[in-house]
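[1] All I have is the shape, not the residue letters:
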């Protein structure tokens, strides 16, 4: 039995779908299980409530399982919550954990969230569990959160100048996770995951301009001005605004380059940014004002 923690997230949801397609017994966990039930998965998908703050619920959710996909939303409590989850999983007989981590992981990383993931990876390394670490770069799905400002202002804001960025589709991350959970030769590795090409924000704006047949611009701000934009106009908490600026500044200091890891593991090239944008182009078209007010950008 494979347990998918974070099954309502983009990667966890895609992984659950992939495992069901493969006919692998799986159990989907969520703090909001009704959201999963509303997605009308086939009856083979076992859906359970679980919360990392509720040890009894975790123990029940892990009972009888041997593998765990661990993905949690980044937050200041992440190290505490994932550590508790790992320790509980080990005590319940889980033998293999596939952890969704982050790039630039190091004890001295300039990215605070990457230091959190480093601490969690250290917890995994201190156990006797087989552990697979996935370190994906920016999710293509996060670009959808730029939709309102593109649709209403024709602008992408950032603080990366023309630095190239790696993007990867969450469905490719999920496919790699499924491989690690079902293929012994993949389990136990650490994998840096990207798409096939890098894109700067000006290049992203140019592609959207061509696809939408309207001018989309990139506006480069200072770190101070961008922080103000994220907190005051987009309503992000300070820690998350800091995180976005940290990863964008790191992309300037250490230009990003794609890897061939996804193609090597899956035997096919990763999904392209162009195909992703085409699939979701309506998100970047003009939106009613009432819709725009409820959406804010949360990633690069």
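    Cool, got the structure. These numbers were taken from a predicted model, which means no experiment stands behind them. Numbering: from 1, shown residues only.

[2] Helix, strand, or coil at residue 249?
    helix (DSSP: H, G, I helix; E, B strand; the rest coil).

[3] check contacts around it.
    Residues in contact with residue 249 (CB atoms under 8 Å, 6 or more residues apart in numbering) are 110, 159-160, 223. (Glycine included, C-beta is placed from N, CA and C.)

[4] among these, which are in helices?
    Among those, the members falling in helices (DSSP state H) are residue 223.

[5] Which among the contacts of residue 249 count as buried?
    Among the contacts of residue 249, those classed as buried by 16 or more other CB atoms under 10 Å are 159-160.

[6] Can you tell me the closest non-neighbouring residue to residue 215?
    In space, and not counting its chain neighbours, residue 215 is closest to residue 209: 5.6 Å by CB to CB, 6 or more residues apart in numbering.

[7] Could you point out the helix or strand that follows the helix or strand that neighbour falls within?
    With secondary structure defined by DSSP states H and E, residue 209 is part of helix 201-212. Sequence-wise, the next helix or strand downstream of helix 201-212 (DSSP H and E) is strand 217-220.

[8] neighbouring contacts of that following strand?
    For strand 217-220, using CB under 8 Å, 6+ apart, the contacting residues are 154-161, 201-202, 204-205.

[9] Quick check, central residue of this structure?
    Among the residues of the chain, residue 139 comes closest to the average C-alpha position under CA atoms, centre = their mean, at 5.5 Å.

[10] Residue 110 contacts residue 246, correct?
    Yes - between residue 110 and residue 246 there is a contact under CB atoms under 8 Å: 6.1 Å.

[11] In space, what's closest to residue 61 - neighbours in sequence excluded?
    Excluding the flanking residues, the one nearest residue 61 by CB to CB, 6+ apart is residue 50, at 4.1 Å.

[12] Next up, the contacts around residue 103.
    114, 135-137, 166, 192.

[13] can you pick the most crowded of those?
    residue 136 (26 neighbours; other CB atoms under 10 Å).

[14] picking that back up, now the residue nearest to the centre of the chain: how far from residue 125?
    25 Å (CB to CB, to the nearest Å).

[15] Can you read off the backbone torsions of residue 190?
    Dihedral pair for residue 190: phi -120, psi 120, per degrees, to the nearest 10.

[16] Beta-bridge partners for it, please?
    Beta-bridge pairing for residue 190 (DSSP bridges): residue 133.

[17] tally of neighbours for it?
    13.

[18] thought it was touching residue 124?
    No - contact criterion CB under 8 Å: residue 190 and residue 124 do not qualify, at 10.5 Å.

[19] Quickly list what's touching both of the two.
    Looking at what touches both residue 190 and residue 124 (by CB under 8 Å, 6+ apart), the common residues are residue 133.

[20] neighbours around residue 203, how many?
    When neighbours are counted by other CB under 10 Å, residue 203 comes out with 16.

[21] sorry, that was for residue 161
    Applying other CB under 10 Å, I find that residue 161 has 13 neighbouring residues.

[22] Same check on residue 52?
    Residue 52 - counted by other CB under 10 Å - has 21 other residues nearby.

[23] Same check on the one 3 residues further on?
    When neighbours are defined as other CB under 10 Å, residue 55 has 14 of them.

[24] Surely it touches residue 84?
    Yes - contact status for residue 55 versus residue 84: in contact at 7.3 Å, counting by CB under 8 Å.
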